[in-house]
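In: predicted model and sequence follow; I will ask about them next.
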Amino acid sequence: MKCSILSILSALLIPCTREAAAADGDNAAPAATVVERAGITGAGWAVVAGEAGASRVTLVYPNHPDDFGGTAGTGASHSADGGRTWTQGPDDWPVAKCIDLWQDRMKDGSLAAFGIRWVPDPKKRGEQTGADVPADAYAIAVSKDQGRTWSTGVATLHCPPEMGIIARPLPHLLEDGKGAWLMPAYAWGKTGTRALLLRSADHGRNWSVLSTITTAAEMVKAGAAPTTPWLETAVARTADGALLAVIRTGSSEQAALVAARSADGGTTWSPVEKIVAGPQRQIVAGKLPSLLLMPNGTLVLLTAHTKLGCFLHLSHDGNGREWSAARVVTQVSGGNTCMTALDAETVLVFTPSSKRISCWKVALPAVSSARR
């Protein structure tokens, strides 16, 4: 099985140096080293800004230990050549003292950055209320000039008391086509843990709960009982206009990711189902899943597992009902990953390992050939 996976990798990865071999299992050099720093604990979050021919890839990453809010700080790196080479940007940019921060490019070309300055104590899960959330727990920043200048303010997350508190807002920001922004999150409360979709009608300053995507109890009914309180959720629009949510259930190889679908813009959701992939219909396990609808219509699911590595699954029709078998990005790192679309058929995948973040350039098969 390992040989077949590595042969797939050989066809997928585009080396950025002559020395880069096809298979990570052969100890090949990564496509590019984005940054090497002692404080790195994850791959961060990437965004592409600017017009074709003059675009810039930006990666913002946590530059502190993963200590549940005990420390804070972010770093940034930029690439002007499609991820081949990287220069270090300013720390704590564009918002200072963040535990985590990501940027998204909106439809009007502006950049929106959401920063997290506080996280709840997991030992007090179900006990904390809205009164425990600091007024400056979250920040929103908007740039209308490709990141050169930013307008920054406080973001407030309004959570119904019966749901407890929003434990973690999550990437990425979406637009609903009617002027509002959407964002996934998960909440901890006395009634249990749940995955949510949040909505903002004022460009990120105030957020309310639009819907519950699923709850821990509903996941149990689906045969995917969560073994972690971190219901990390990714939401993306599919080729048919629906919203697809993918939710983490645990950390073991048997902890299947689950998916729910919304046909009404996120107001209601289907019951969750385990995600299975490939001809063998194998479950897809992992943490912090990412979803990306590519310009060529392919829907990409990225996930990582601490013991197995980092993998891509493709939905060639863009709707996320059928997924390809796992495609290995790297078997060296199973830490938190991220990805962004470089062009219509190329994904940049970022992986952390050994106090380093690496960038892999992954070429997707043409949609017409993939569907044959």
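Out: Great, that's in hand. Residues are numbered from 1 along each chain as shown.
In: residue contacts, Thr71?
Out: Shown in contact with Thr71 (CB atoms under 8 Å, 6 or more residues apart in numbering): 64-65, 99. Glycine gets a C-beta too; all of them are placed from N, C-alpha and C.
In: tell me where the stretch 251-372 of the chain has strands.
Out: Taking DSSP state E, counting those that start in this stretch as the criterion, the stretch 251-372 of the chain carries its strands at 258-262, 273-274, 276-277, 282-283, 287-293, 299-305, 309-315, 327-330, 338-343, 346-353, 356-363.
In: of these, which is nearest Asp92?
Out: strand 356-363 (17.3 Å; CB to CB).
In: report the contact partners of the closest residue to Val47 other than its chain neighbours.
Out: Closest residue to Val47 apart from its sequence neighbours, by CB to CB, 6 or more residues apart in numbering: Gln103 at 4.4 Å. Residues near Gln103 by CB under 8 Å, 6+ apart: 45, 47, 58, 60, 111-113, 147.
In: okay, and Gln103 sits in which element?
Out: strand 100-105 (DSSP states H and E).
In: can you give me the angle that strand makes with strand 338-343?
Out: Counting by axes from the mean of the first three to the mean of the last three CA atoms, to 10 degrees, strand 100-105 lies at 20 degrees to strand 338-343.
In: following strand 100-105, which helix or strand comes up?
Out: strand 111-116.
In: all helices for the chain, in order.
Out: When assigned using DSSP state H, the helices of the chain occupy the ranges 2-12, 216-221, 367-370.
In: if we can go back for a sec, nearest to Thr191, out of the strands of the stretch 251-372 of the chain?
Out: Between the strands of the stretch 251-372 of the chain, strand 258-262 lies closest to Thr191; by CB to CB that is 18.7 Å.
In: so which residue is dead centre in this structure?
Out: Ser290 (3.9 Å; CA atoms, centre = their mean).
In: from Cys338, how far off is it?
Out: Distance, Ser290 to Cys338, using CB to CB, to the nearest Å: 6 Å.
In: go on, Val57?
Out: Relative to Cys338, and taking CB to CB, Val57 is found at 11 Å.
In: quick one: common contacting residues for these two?
Out: Ala46.
In: more neighbours: which of those two?
Out: Cys338 (27 against 24; other CB atoms under 10 Å).
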